[in-house]
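Engineer: Provided below are the primary sequence and the corresponding predicted coordinates.
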Amino acid sequence: MINLEVPRKLTTLVDQARQAAMAFLRPNSRKYDQAEHTYPKELDTLASLLDGLSASGGGAGAGGVRRTSGKPSTANMSVCLGTMEMCWGDAGLLLSMPRQGLGNAAIASVASEEQLARFKGKWAAMAITEPDTGSDSGAIRTTAVRDGDHYVLNGEKIFVTSGERADCVVVWATLDRSLGKAAIKSFVVERDTPGFELVRLEHKLGIRASDTAHFRLDNCRVPASNLLGTPEIKPDQGFAGVMQTFDNTRPLVAAMAVGIARAALEETRRLLTEAGVEIDYDRPTNNQPAAAAAFLEMEADYEAMYLLTLQAAWMADNRQPNSLQASYAKAKAGRSATAITLRCVELAGSIGYTEHELLEKWSRDAKIMDIFEGTQQIQQLIIARRLLGKTSAELK
Ligand SMILES: Cc1cc2nc3c(=O)[nH]c(=O)nc-3n(C[C@H](O)[C@H](O)[C@H](O)COP(=O)(O)OP(=O)(O)OC[C@H]3O[C@@H](n4cnc5c(N)ncnc54)[C@H](O)[C@@H]3O)c2cc1C
């Protein structure tokens with residue numbers, strides 16, 4: 001049976017993550033929102049602390065969790081709980097944390113033991129999206145052609161989180177477009193590889209502390225041993241290998257959304273209390289001030305996104321397939337964080353819209369949680385396919 005109480009042994013980790021968020025992230029939140037594209041040097045100390053936490057089996061970033069056979073663990077749960085706390089501090093800064101990139105999650109998910117050891121300690125970004133392909137990741141056009149001991153990569157990758165700052169980028173490319181999704185593999189490309197060119201950095205609505213890069217791959221040669229997993233093309237498996245990454249990263253993005261929503265709710269509660277609005281848990285909402293009723297409604301929504309996120313993490317930790325639950329969590333959390341943060345801006349009135357408070361920033365930061373790692377609409381599509389037993393060709 002699923003038990004969604006936070007295990008007692010994780011409370012220390014959650015406390016540590018909260019302390020770190022209070023000390024390093026929240027105080028620098030506005031600074032790096034305004035200084036877009038400036039590296040937040042304060043993160044170096046925190047990153048070393050996180051490395052220590054990860055080494056002890058915990059963690060609070062997006063570094064990812066390896067699925068090994070064997071006993072149940074609390075690894076996914078601890079990373080999700082830590083991420084919630086960190087994003088309560090600042091999501092853009094968490095996404096900028098050295099060695100905690102989404103590419104690290106990809107490596108953790110699909111790399112061989114040898115590759116895992118070789119890329120240990122590297123900060124890895126993740127590059128799937130292309131100018132002509134976002135949601136439909138099976139249609140990517142970047143090619144990888146074997147040439148002796150190397151693969152030669154050609155194509156374009158856009159919106160790569162931490163692309164400029166990371167040590168390497170996990171690039172999705174196809175070995176043979178005519179063989180469809182099964183031919184899509186991921187390659188670790190070191191940032192200084194000739195032919196791997198940074199085109200530009202994006203200016204964004206939210207998570208402005210995090211850099212978002214556009215790359216061109218022009219006859220970029222990577223060692224054949226940097227192909228993650230196996231080069232074999234198995235048409236019956238689609239691109240199951242690379243898709244496994246999402247089972248790890250979607251609950252993480254949901255956890256980020258939970259952290260932002262919680263920050264906004266806490267701040268709104270403080271402002272409402274200051275304004276004399278009492279939130280009463282013992283009275284029906286229709287018998288309370290409108291602001292209190294709205295707050296209670298948002299808290300119920302928050303609880304749902306929080307529990308769905310823990311469910312997806314718990315299933316992964318207990319070796320149960322969690323693709324459906326990962327999409328439930330991501331869809332609910334992305335949508336609710338966007339709605340909750342905007343409603344908090346509304347409830348706080350003009351103060352909520354100004355830079356006196358972080359409420360307006362959180363409403364900008366939250367929206368990306370409903371976009372990257374698969375948009376709201378794509379999560380709903382995946383959920384519908386699974387519930388109705390339809391293939392991607394049958395339900396588009
Ligand atoms: C700040 C930021 C950081 C990012 N970081 C990364 C990263 O690190 N690595 C990476 O690879 N990508 C990254 N992305 C890209 C992101 O994952 C894509 O933007 C996302 O997958 C959507 O793709 P798209 O932008 O091409 O939109 P499209 O796929 O063109 O979709 C446009 C709209 O149509 C909807 N839509 C599309 N198909 C369907 C359908 N079948 N049914 C219903 N609705 C549909 C979508 O939901 C969306 O609302 C990032 C994006 C941003 C903005």
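Structural biologist: In hand now; what should we look at?

Engineer: With just CA atoms, put stretch 284-297 into PDB.
Structural biologist: Extracted C-alpha coordinates of stretch 284-297, given in PDB (Å, rounded to 0.1, in the frame of the first residue of the first chain):
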ATOM      1  CA  PRO A 284     -17.500  26.000   5.500                       C
ATOM      2  CA  THR A 285     -15.900  28.300   2.900                       C
ATOM      3  CA  ASN A 286     -19.200  29.900   2.000                       C
ATOM      4  CA  ASN A 287     -19.300  31.300   5.500                       C
ATOM      5  CA  GLN A 288     -16.000  33.000   5.300                       C
ATOM      6  CA  PRO A 289     -14.500  36.100   3.700                       C
ATOM      7  CA  ALA A 290     -14.000  35.600   0.000                       C
ATOM      8  CA  ALA A 291     -10.200  35.800   0.300                       C
ATOM      9  CA  ALA A 292     -10.200  33.100   3.000                       C
ATOM     10  CA  ALA A 293     -12.400  30.900   0.900                       C
ATOM     11  CA  ALA A 294     -10.000  31.400  -2.100                       C
ATOM     12  CA  PHE A 295      -7.100  30.600   0.000                       C
ATOM     13  CA  LEU A 296      -8.600  27.300   1.300                       C
ATOM     14  CA  GLU A 297      -9.500  26.300  -2.300                       C
END
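
Engineer: what sits up against that stretch?
Structural biologist: With C-beta atoms under 8 Å, 6 or more residues apart in numbering as the test, stretch 284-297 has contacts from 265, 268-269, 272, 275, 277-281, 343, 347. C-betas here are computed from N, CA, C, even on glycine.

Engineer: Can you show me the helices along this structure?
Structural biologist: With helices called from DSSP state H, the chain shows them at 11-20, 29-34, 43-55, 75-89, 91-95, 102-110, 113-118, 240-274, 290-317, 323-347, 350-353, 359-366, 376-388.

Engineer: Mind giving me the packing neighbours of the fourth one?
Structural biologist: Using 3 or more C-beta pairs under 8 Å, 6 or more residues apart in numbering; DSSP states H and E as the contact test, the elements touching helix 75-89 are helix 11-20, helix 91-95, helix 240-274, helix 290-317.

Engineer: what's near enough to touch the spatially most central residue of the chain?
Structural biologist: Nearest to the centroid of the C-alpha atoms of the chain, with distances taken as C-alpha atoms, centre = their mean, sits residue 253, at 3.4 Å. Listed by C-beta under 8 Å, 6+ apart, the contact set of residue 253 reads 330, 333-334, 369, 372-373.
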